[in-house]
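In: Here is my input, please return the structure:
(one chain, ligands or ions: 1)
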Amino acid sequence: MYAIPFLDLPPLRGASGTLRLPGSKSISNRVLLLAALAAGTTELRGLLDSDDTRVMLAALRTLGCGVESDGETCRVEGLGGRLRVHEAALFLGNAGTAMRPLAATLAVLAATQGGRFELAGVPRMHERPIADLVDALRPLGCTVEDLGTPGYPPLRVSGAAGGRLHLDAPIRVRGDVSSQFLTALLLALPLVADAQDVVVEVDGPLISQPYIAITLNLLARFGIAVAHEGWQRFTIPRGSRYASPGTLHVEGDASSASYFVALGALAAGGGAPLRIEGVGLDSIQGDIAFVDAARAMGAQVDGGPGWLAVRRGRWPLAAITRDCTDIPDAAMTLAVMALYADGPTRLTGIASWRVKETDRIAAMAAELRKVGATVVEGPDFIEIAPPASSVHWRSAAIATYDDHRMAMCLSLAAFNPLAGARCALRILDPGCVAKTFPDYFETLLGVASADPADVPVITIDGPTASGKGTLAAAVAAALGYALLDSGALYRATALAATWDGIDPDDEPALALAAATLDLRFGQGGEAGRTWLRGREVTEDLRAEATGLLASRVSALPAVRQALHGLQLAFRRAPGLVADGRDMGTVVFPDAALKVFLTASAAERAARRHKQLISKGISANLDGLRQDLEARDARDRQRTVAPLVPAKDALELDNSQLSIEQSVQQVLGWWQERGPLAAVAAPSC
Ligand code: DC
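Out: Numbering: from 1, shown residues only. Below you'll find the predicted structure:
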C-alpha cells in the first residue's frame, strides 16, 4: 500500500496478465454482521481486508463477538441474536455499510433486550444522511437520538430490557437516497420476527436495487427467506432465526473489477486478454452489470464462474448515454472511460453520487476537467466530452477527496498515450484506496506497462560511505518508486563466484555468473532482504570479504556488460531510484534527475567510525579516513567505471545535513525537474 502524499503515474500504454480482486466490500460487511448475529461459528473465506471491514470487525469485537483471522479465513463466533455487551461506543470510520446496518440492528436489540450504543464516524460520515433509516426505526418504538446534526450520525440508540416493538403495521422506509437503509432494516428485523411476519414497504422509488438483491441472497444463506413483491414490499417470515451456514466464500468485488474491465477495454489490445480472477459473470453483485455498459462502449468481455477476460474491441470507445441507477459505484468508471470515447458520454440517475464518500459528481467533474475533458454536471447527471485531440490532454495533480473510487478511477487517465498524448498523472493521497482495495496501485502496476523511456529515473551516486544507499532507499520510499541498489548486483556476483569457486581473474566465468544471477529482492514486508539461488544472503552481501571481491569483479568490463540488461529491467512504472557508480553515466544516461552525493572524507570517516563502534567493532578514526581517501583516489582513477559525476548531475554535499534534510533536498529537485513539474505549466 502506498502510504505517501502522492503517487506519480507515468504515461501507461498497455495491460496484460492476470490479477486477483480483493473480496467484495458489500458482501464482506453484510456477512460479517450476519455471522455475528447468527448462532454458531461461521468461517468466512476471501473476506476483504480494508478500512471499511476493519471498522466493522472492531465493532463486532466490541460487542463481544469472538473474531479470529489468519489472513485467509476469518472465524466469527456469533451472538445468536442475544446482546452480550449492553453499552458501547462504536467508531465506524466512513463505512456506510457498517454504520447503517449496525444502527438498525443495535436499535432493535436495545429496544427489546436493553442497551445503550453510540455510533460515530469520521467527519464525512457525519455529513452522510441517515434520516430515512431513523424515520423508519422510531415509529417501531426504537429510541434513536441525534448526537449532532439531526438526520446525520453520530447517533445514540437505547432501550430497556423487555421492550416491545410495533411490528403489526408495515414498516415504511424511503429508498431514493440510499438502498442501505432498506438493507439495514432487512438485516435487523429478522431478530424480532419470532412471533409474527414483519413487513417492510418502500416509500417511493428504490435506487440501487441490485444491492437489495445481495442482501436477500445473503439472508437466504443465513436461513432467512425474505419474500418480496416487485422490490417494494418485503416480508420476513415469522419464526425467522439466523443460522450459520458454516463456511461462506466471499466473491471478489465487482465494483473493483470495473477498473480492470475498463483497463482491458482500453489497453489489452492485440494479444492476450487481461484476466480478472475473483468475480465472474455469475456474480450476485449488481455492479457486474457494468460489464454490459463496458461492452456497449466497446469492451470484449468473456467470463465464467469467478473469472473475466477482457480485450479491447472497438477503438476509440463508443460514447454512450446510460441510466446508471443500477450501478451507482461502477458508473464512476464509465465516466473515466468516457475520456477515450468518440463523443460525449452522458450518465444519468446518479444523484446518489452526491452523498457518497464525497460529492462524486462535483469531484469527478473537477478532476476530469483537469486532464482535459469538457464536463457538464447536473443534480443527477454528468456529461463528459473527451479532450478534443491528443494535444488537449494535460498532466495533472488529481485530488482524491478521501474517496477510494476517485483515486482508482482517475488512475485510468494515465493511459492517455492510447489517445496519442503523453501526460504523467499525480494521484494525491493514493492511500485512500485502503477503504476497499489496499493494493490497488500495486495490482494496477503489476499488469500495466509503460514505455521505459516514459518511466522516470533518479540516479544517486557518490563516493563510498557518502550515505547514497540510505538516501536512495528513502527517496524511493517517499515516491513509491522501485529501488535499484546496483552495488548489490556486484556483491551478489562476488558471492556467487565464491560459492562456485570461480577464480577472481576468470573474467568470462565471472561474466557468466553475473548473467545468470538468480537474485530476488524482497518487496513489501520483506523489503531490505535479498535471496540468491533461493538462499537468504542479506547479511552475506554486506560482509567485508564480499565487498572486497565485488570491488575487483566490478572492474571487469564483461561483468559490467553482463549486468547491464538486468539493471535496465528495474525501470518499471511508476519509477526507479538507482544508486551506484555508473547509474547516471552509463545505465540510465537519460535519468531525469542525477544526484552526486558527497561528504568530506573526515565526515564520512566519522560516520563509519560511529557505525562500527555501535556494532562493537573497534576502529581508528584516522585510519578510516586515510582508507577512504585512498579508496576515493583509486575509484576516481580506475579505467573501468571510474567514480565521476555525470555531467548533468547535481552535487549534494551532505556533510552538514541530516538524512531527512538530504531527502527533502532531492525531493525538492524532483518537484522542479521530474515529469510532474509540468503540472504548473499550461500543458504537458
Ligand atoms: O555500493 P557497494 O559498496 O554495494 O558496491 C559494491 C562494489 O561494486 C563497489 O566496489 C563499487 C562497485 N559498484 C560499481 O562498480 N558499479 C555500480 N553501479 C555499483 C557498485
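In: M406 and the ligand: what is the separation?
Out: Distance check for M406 against the ligand: by C-beta to the nearest ligand atom, to the nearest Å, it reads 40 Å. For glycine as for every other residue, the C-beta is placed from the backbone atoms N, C-alpha and C.
In: Work out for me the element that residue sits within.
Out: helix 404-411 (DSSP states H and E).
In: For that helix, which helices and strands make contact with it?
Out: helix 254-267, helix 331-337, helix 360-371, strand 396-398, strand 425-428, helix 440-447 (3 or more C-beta pairs under 8 Å, 6 or more residues apart in numbering; DSSP states H and E).
In: Which among these is found nearest to the ligand?
Out: With C-beta to the nearest ligand atom as the criterion, the ligand lies closest to helix 440-447 of the helices and strands packed on helix 404-411, at 24.9 Å.
In: Now do the buried residues in the closest one.
Out: If you call a residue buried by 16 or more other C-beta atoms under 10 Å, then helix 440-447 has these buried ones: 440-441, 443-445, 447.
In: and what of stretch 193-208?
Out: Along stretch 193-208, these residues count as buried under the neighbour rule (16+ other C-beta under 10 Å): 193, 198-202, 206-208.
In: low pLDDT regions in the chain?
Out: 678, 680-684 (pLDDT under 70).
In: I'd like to know how many residues surround R84.
Out: Other residues within reach of R84, judged by other C-beta atoms under 10 Å, total 10.
In: For it, which non-adjacent residue is closest in space?
Out: Nearest in space to R84, with sequence neighbours left out and distances taken as C-beta to C-beta, 6 or more residues apart in numbering, is G64 at 3.3 Å.
In: wait, doesn't that neighbour sit right on G80?
Out: No. With contact taken as C-beta atoms under 8 Å, G64 and G80 are classed as non-touching, separated by 11.4 Å.
In: coming back round to it: so can I have a markdown table of the helices and strands packed on helix 404-411 showing distance to the ligand?
Out: Putting the helices and strands packed on helix 404-411 into a markdown table (distance: least, C-beta to the nearest ligand atom, whole Å) gives the following:
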| stretch | distance to the ligand |
| --- | --- |
| helix 254-267 | 34 |
| helix 331-337 | 40 |
| helix 360-371 | 38 |
| strand 396-398 | 33 |
| strand 425-428 | 30 |
| helix 440-447 | 25 |
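In: Nearest spatial neighbour of whichever residue of the stretch 1-150 of the chain sits closest to the ligand, chain-adjacent residues omitted?
Out: With C-beta to the nearest ligand atom as the measure, P10 is the residue of the stretch 1-150 of the chain nearest to the ligand, at 23.4 Å. Ranked by C-beta to C-beta, 6+ apart and with sequence neighbours excluded, the top spatial neighbour of P10 is D454, at 4.6 Å.
In: Ok, L628 next?
Out: Counting by C-beta to C-beta, 6+ apart, L628 lies nearest to A601, which is 5.0 Å off, once chain neighbours are set aside.
In: ok, now which ones touch T149?
Out: H126 (C-beta atoms under 8 Å, 6 or more residues apart in numbering).
In: what does the chain have sitting close to the ligand?
Out: In this structure, the chain approaches the ligand at residues 486-487, 490-491, 547, 550-551, 554, 580-583, 641, judged by C-beta under 6 Å from any ligand atom.
In: What's the ChimeraX line that selects buried ones from these?
Out: Buried residues among these (16+ other C-beta under 10 Å), as a ChimeraX selection:
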select :486,487,490,491,550,551,554,580,581,582,583,641
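In: Quick check, the residue in this structure closest to the ligand?
Out: Among residues of the chain, the one nearest the ligand by C-beta to the nearest ligand atom turns out to be G487. It sits 2.2 Å away.
In: list the contacts for that residue?
Out: 469, 550, 579-581.
In: and with 10 Å instead?
Out: 464, 468-469, 541, 547, 550-551, 554, 579-581 (C-beta atoms under 10 Å, 6 or more residues apart in numbering).
In: what about the nearest residue to G304 once chain neighbours are set aside, neighbour count?
Out: For G304, the nearest residue in space outside its immediate sequence neighbours is G280; the separation is 5.6 Å by C-beta to C-beta, 6+ apart. Other residues near G280 come to 19 when the count uses other C-beta under 10 Å.
In: what about G280, which SS state?
Out: The assignment at G280 comes out as coil when based on DSSP: H, G, I helix; E, B strand; the rest coil.
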